[in-house]
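Trainee: I would like the atomic coordinates for the input below:
(4 chains, ligands or ions: 6)
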Amino acid sequence: MAKFVNDPANFVTEMLEGLVRANPDTLEWDREYNIISAAGAANADRVRIVQGSGSGHEPAHVMAVGPGMLDAAVPGGVFAAPSMDQCLAGIRAMNGPKGVLYLVNNYQGDRMNWDMAQEMAEAEGIRVGKVVINDDVAVQDSTHTVGRRGVAGNFFVIKACGAASANGADLDTLVALGEKVNDNVRSMGVALSGCRPPAKQDPIFTLGENEVEFGVGIHGEPGRARIAMKSADELMTDVFELVAGDLPFNKGDRVALMVNGLGGTPISELYVLYRKAAELAEERGLTVVRNYVGEYCTALEMNGFSLTMLRLDDELEGLLDAPAQVPIRVF
Amino acid sequence: MAKFVNDPANFVTEMLEGLVRANPDTLEWDREYNIISAAGAANADRVRIVQGSGSGHEPAHVMAVGPGMLDAAVPGGVFAAPSMDQCLAGIRAMNGPKGVLYLVNNYQGDRMNWDMAQEMAEAEGIRVGKVVINDDVAVQDSTHTVGRRGVAGNFFVIKACGAASANGADLDTLVALGEKVNDNVRSMGVALSGCRPPAKQDPIFTLGENEVEFGVGIHGEPGRARIAMKSADELMTDVFELVAGDLPFNKGDRVALMVNGLGGTPISELYVLYRKAAELAEERGLTVVRNYVGEYCTALEMNGFSLTMLRLDDELEGLLDAPAQVPIRVF
Amino acid sequence: MNSVTMEDVELAVRAMIDVALENEAYFSDLDGVVGDADFGVSLATGFREIDAKWDTLDRTSIGHFFLAISQIITGKVGGCSGPIWGTAFMRAGIVARDKSELSADDIGQIFERAIDGIKARGGAEEGDKTLLDALCPMSRAFEAEKNGEPLPAVVAAAEQAVEDTRNLEARRGRQSFTGERSIGTLDPGCVAVATMTKRIAETAKQSA
Amino acid sequence: MNSVTMEDVELAVRAMIDVALENEAYFSDLDGVVGDADFGVSLATGFREIDAKWDTLDRTSIGHFFLAISQIITGKVGGCSGPIWGTAFMRAGIVARDKSELSADDIGQIFERAIDGIKARGGAEEGDKTLLDALCPMSRAFEAEKNGEPLPAVVAAAEQAVEDTRNLEARRGRQSFTGERSIGTLDPGCVAVATMTKRIAETAKQSA
Ligand SMILES: Nc1ncnc2c1ncn2[C@@H]1O[C@H](COP(=O)(O)OP(=O)(O)O)[C@@H](O)[C@H]1O
Ligand SMILES: Nc1ncnc2c1ncn2[C@@H]1O[C@H](COP(=O)(O)OP(=O)(O)O)[C@@H](O)[C@H]1O
Ligand SMILES: [Mg+2]
Ligand SMILES: [Mg+2]
Ligand SMILES: [Mg+2]
Ligand SMILES: [Mg+2]
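Mentor: Ligands and ions are numbered 1, 2, ... in the order given. Here you go, the predicted structure:
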């Protein structure tokens, strides 16, 4: 079976149990609706922020819960958006006098469940704000489709809104801030392998030795094209051009640069790739103010990477600098 | 080719270039000998600590360099110990009035190169201390073999010695401390896949869908046995018994517990495994004081995990609690 | 056609449960071709829960029965399937609210209102390669034959739909991100609807 | 046998360079069976550097030539191979220190001292499935034939060693961690030594 699983039906629950066992003092777990929240978040005197999406993208989002980041995460099944009841329970749990902000990646399942939950919550008199994240340039944005996907750029929305909420920003300000981050962030990914959901156990797609899935999603959805293998530098150059050209990022821009591993990529290779990304940014006249190399938004054990670039201004730079604390402990 | 590489001959250099580009203010890179050191470490008024080993285990050890951890790392080629000249250059660079401590995992290549370098350095009048790490219980310790391997337990030696050096401990004290940590730490790993060194590109070993490499090393060396696949809980139980039974860890012991991903394991699965490890520790009457779930010592993109357990006393607990700063940035 | 009783409805829902549980892996595999391989799991999760709560479902009317099912689905099923199937059953429940028997017109209404609800919820139209591409022709087939014996025509429409959608490009749901590459693949939602429809017809025949 | 000149030594080292570079992938694959697949890369790294520095190597004596090679290997090659091969060349350099010709006795000495040096450096004995299992029988074959034409016997001993080590259990180097599972596999170090010896013999014959 080639995965560390017990009964696949219990996979998400067992992961969450591991997570709270590892963070007994800082996380709380509502077992009925599988909501992970930061200890004490429900009493904090500020707007609280919640995000829900399918599981299998860890550390997104259950391991992005903590001071200065998310107040709560509502994980669905592996690659399946949480149900409406879960979303509603998440909103209710994080409700307070200043309202609740939810962040949602632009996938139809996520959008529909959160929209329904928002309607229900508002009918109960809860003030709800929402920010939709759609940073993936691999997917053409067009009115007769679902539009672009939300991928790792999401982390910058969480970080900025988390820091601003800690500073006391109100709900409308946070919505505007989240949209501003989303407007300024772009991503794209490539993969050298598929991934296996615990309940399926076969790879969602299989690649030949010489094939690359270009513009891949984070759910094992195949990308826009299957291309022939190239060197790391060539692949990064292709990805960089599409990401940087989309906003576009211009000479003189200050940026945050992220090379995100999709789950099965050696850390060494991520740094080989980051090296090229930083070089390309420099050549384009961009100043890399902050960088992030590691796993932020994964697709189980997929071997691949994504590049995310965020255009900064003084406000965003300050928010990225603010302290934050997440469950992952480095030494 | 299914890896993000350019010319495999430049792989390690390019990774290091990425690393220093990502950490321009905190890391320094001697390109001649490929030594990564913490900014200013060479002038710190305390014993400086250096470690060298093959590459491909990232974050070990080039990303374990920073205040409170290693002063310098000397990476060899992928899975190849650094050469004697590199080791000697590392010792010389970190030499100071209080001497240099080097940490070495118990592999013959590493041992021989460091031993030769130590001889040369001592001939130059440099005071050199050494700690050998051999925490892997998968390998039988016997006098007519090389003895046990050093694996992820190594991180606890680094953390403890790094903190003690920052507190001003002298060389002899640090050697004794490192040996104490090594005496109290045990590890073992299992894998569901092999890994591919950049220069080889084929998996070092291949496993069938239903096979597990039990007691696997961190270089793609096959383990002691190939067994039939079991559930995550059963595998963790087998590993836990061998690790906990080796020291042995006894009722009432306070421990640090680490579930380390070998490079290609989804984070979700590491938490499923941690859940079981914590449960087994509890059943054995151990108190888990600190825990670590993530990637610490990898074997490129190998899909697998290792369990490491360290018996604590007040001294070690304090040292693990001390602040440290490594290149990996979490939000 | 004869009017549909509570017993008929129960038989039909049981047929849906059986199809969802028997095809959990197959439906996920279909979704894995250009989607994210969770459709079978999502559907089975919902229908397994309906099965588990079977004896306690509100049966005061056919409408209440449908609403109870809708609530279980939106409560337990995430992804696109929760809102889509939940909305369909909710609309069916509203049409059948206090009824203990459904006429041919009622069934026609259920088709129409469910289709409208799904369109409103997910923004899809016929031709976007979703289960609407099964439901819409099924609804038309039902309207054409409702004064006679509509079930065979509805089954035929559903089976035809599975093949017809093969050549469409997905524009909704997770599989839409692959654009043109979705052409040539089956839509898992259509396959599920067609398989369920066929089973409902078989069970109805057996019990008749 | 005739005495060995600087030219003979250069030819021999060139033969070693060729073997190391031609077999980089093959030697790594051999090491991958129960080891960590880096032996070919390590060996090639060292000999590629010797090749690159070829014209600048100290040739004031055969001994100095060997010492220069030793330094390149310990400087550039990590893993077990750097210290092991570096030590062998260092010992050869010490025996040959100021000589511009080597007698049969000198060569015998080189074998012996190199073997001792490798044992001291890595703690291995004959039978531990390392390149010592090639060098030791080669040394004995050389001693037996050194007053006649020793090269064919040495080559034969090396080739025999490759097969003989197959049945041994590795007790040194990375592959020792697999214990009994190393039985049945070739030792990459032995294969490299045997292949180089054969090539040295061929090159010597051609130039003779
Ligand atoms: N917007 C939509 N409207 C109607 N049906 C949809 C829509 N999006 C997806 N579907 C149907 O749902 C099926 C996929 O369901 P599921 O796998 O649960 O969704 P997800 O895309 O969230 O993984 C598709 O095969 C399609 O028939
Ligand atoms: N202690 C030792 N003494 C002599 N030869 C050794 C020793 N250890 C390993 N070798 C030889 O080196 C070869 C492996 O070299 P290499 O792959 O560079 O080492 P590593 O084990 O560090 O990866 C083995 O095939 C063996 O012949
Ligand atoms: Mg889904
Ligand atoms: Mg090696
Ligand atoms: Mg799906
Ligand atoms: Mg080796």
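
Trainee: excluding its backbone neighbours, what's nearest residue 182?
Mentor: No chain was given, so I picked chain A. The spatial neighbour of A:Asn182 that comes closest, neighbours along the chain excluded (C-beta to C-beta, 6 or more residues apart in numbering or on different chains), is A:Ile133 at 5.3 Å. (Glycine included, C-beta is placed from N, CA and C.)

Trainee: my bad, chain C
Mentor: Leaving aside its chain neighbours, C:Ser182 sits nearest to C:Ala170 (3.9 Å; criterion: C-beta to C-beta, 6+ apart).

Trainee: ok, how many other residues are close to residue 115?
Mentor: With no chain named, the answer covers chain A. The number of residues packed near A:Asp115 is 16, by other C-beta atoms under 10 Å in any protein chain shown.

Trainee: chain C was what I was after
Mentor: Residues contacting C:Ile115 under the criterion other C-beta under 10 Å number 19.

Trainee: which pLDDT does the model give it?
Mentor: At C:Ile115, the model reports a pLDDT of 98.

Trainee: picking up where we left off before, mind listing what the residue nearest to C:Ser182 touches?
Mentor: Applying C-beta atoms under 8 Å, 6 or more residues apart in numbering or on different chains to C:Ala170 gives the contacts C:Val34, C:Asp128, C:Lys129, C:Thr130, C:Ser176, C:Thr178, C:Gly179, C:Ser182, C:Asp187.

Trainee: mind checking which of those land in helices?
Mentor: With DSSP state H as the criterion, helices contain C:Val34 from among the contacts of C:Ala170.

Trainee: can you give me the strands for the stretch 151-300 of chain A?
Mentor: Along the stretch 151-300 of chain A, the segments classed as strands by DSSP state E, counting those that start in this stretch run A:185-191, A:211-214, A:225-228, A:254-261, A:287-294.

Trainee: nearest to ligand 6, of those?
Mentor: Closest approach to ligand 6 among those (C-beta to the ion): strand A:254-261, 26.8 Å.

Trainee: just to revisit the earlier point, which of the contacts of C:Ala170 has the most neighbours?
Mentor: In the contacts of C:Ala170, the most neighbours by other C-beta under 10 Å go to C:Asp187, 33 neighbours.

Trainee: my read is that that one contacts C:Leu131, right?
Mentor: Yes: counting by C-beta atoms under 8 Å, C:Leu131 is a contact partner of C:Asp187 at 7.0 Å.

Trainee: about what we covered before: looking at the strands of the stretch 151-300 of chain A, which one is packed in the most?
Mentor: strand A:185-191 (a mean of 28; mean count of other C-beta atoms under 10 Å in any protein chain shown).

Trainee: need the CA coordinates for it. CSV is fine.
Mentor: Only the C-alpha atoms of strand A:185-191 are listed here, as CSV (Å, rounded to 0.1, in the frame of the first residue of the first chain):
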residue,chain,number,x,y,z
VAL,A,185,0.6,37.5,-5.3
ARG,A,186,1.1,35.0,-8.1
SER,A,187,2.1,31.3,-8.1
MET,A,188,2.6,28.3,-10.3
GLY,A,189,3.8,24.7,-9.8
VAL,A,190,5.3,21.8,-11.6
ALA,A,191,5.5,18.1,-10.6
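
Trainee: hmm, it touching chain B?
Mentor: No: Strand A:185-191 stays clear of chain B (C-beta under 8 Å from any C-beta of the partner chain), getting no nearer than 8.9 Å.

Trainee: need the residues of chain C near ligand 3, please.
Mentor: Proximity of chain C to ligand 3, by C-beta under 5 Å from the ion, involves residues C:Asp36, C:Asp38, C:Gly79.

Trainee: for the residue nearest to A:Asn182, what are its contacts?
Mentor: A:Ile133 touches A:Leu103, A:Val104, A:Asn105, A:Asn106, A:Gly150, A:Gly153, A:Asn154, A:Val157, A:Gly178, A:Asn182, counting by C-beta under 8 Å, 6+ apart.

Trainee: can you list the low-confidence ranges for the chain?
Mentor: Picking chain A for this. By pLDDT under 70, the low-scoring segments of chain A are A:1, A:141-145, A:329-331.

Trainee: let's do chain C instead
Mentor: Counting by pLDDT under 70, chain C contains low-confidence residues at C:207-208.

Trainee: where along it do the strands fall?
Mentor: Counting by DSSP state E, one finds strands in chain C at the ranges C:4-5, C:101-102.

Trainee: go through those and pick out the most buried.
Mentor: Mean neighbours per residue, mean count of other C-beta under 10 Å, is largest over those for strand C:101-102, with a mean of 18.

Trainee: partner strands of it, parallel or antiparallel?
Mentor: strand C:4-5 (antiparallel) (DSSP bridges).

Trainee: about what we covered before: what's the closest of the strands of chain C to ligand 6?
Mentor: strand C:4-5 (73.6 Å).

Trainee: in contact with whichever residue of chain A sits closest to ligand 4, which residues?
Mentor: Scanning chain A for the residue nearest ligand 4 gives A:Ser268, at 15.6 Å (criterion: C-beta to the ion). A:Ser268 is in contact with B:Phe11, B:Val12, B:Met15, B:Ser55, B:Gly56, B:Glu58, B:Val78, B:Leu300, counting by C-beta under 8 Å, 6+ apart.

Trainee: quick one: which of those has the most company?
Mentor: Compared across the contacts of A:Ser268, B:Gly56 has the highest neighbour count, 32 neighbours, by other C-beta under 10 Å.

Trainee: wait, that one sits on B:Val78?
Mentor: Yes: counting by C-beta under 8 Å, B:Gly56 touches B:Val78, with 4.3 Å between them.

Trainee: joint contacts of these two?
Mentor: Here B:Gly56 and B:Val78 have A:Ser268, B:Pro197, B:Leu300 as joint contacts, going by C-beta under 8 Å, 6+ apart.

Trainee: wait, the second one touches B:Glu301, no?
Mentor: No: using C-beta under 8 Å, B:Pro197 makes no contact with B:Glu301, being 10.6 Å away.

Trainee: for chain C, which residues are neighbours of ligand 1?
Mentor: Counting by C-beta under 6 Å from any ligand atom, chain C comes close to ligand 1 at C:31, C:35-36, C:38-39, C:42, C:79-81, C:84, C:118, C:122-124, C:130-132, C:172-174, C:187-190.

Trainee: which of those residues fall within helices?
Mentor: Among the residues of chain C next to ligand 1, the ones falling in helices (DSSP H) are C:Asp31, C:Phe39, C:Ser42, C:Ser81, C:Ile84, C:Ile118, C:Gly122, C:Leu132, C:Pro188, C:Gly189, C:Cys190.

Trainee: and of those, the nearest to D:Ala15?
Mentor: Proximity of these to D:Ala15 (C-beta to C-beta) peaks at C:Asp31, which lies at 60.2 Å.

Trainee: can you name the residues that contact A:Gln51?
Mentor: So A:Gln51 contacts A:His61, A:Ala64, A:Leu70, A:Ala72, A:Ala73, A:Val74, A:Tyr102, A:Leu103, A:Val104, A:Asn154, A:Ile158 (C-beta under 8 Å, 6+ apart).

Trainee: are we agreed that it is in a strand?
Mentor: Yes: counting by DSSP: H, G, I helix; E, B strand; the rest coil, A:Gln51 is part of a strand.

Trainee: so C:Arg171 makes contact with A:Gly147?
Mentor: No: judged on C-beta under 8 Å, C:Arg171 makes no contact with A:Gly147 at a distance of 10.8 Å.
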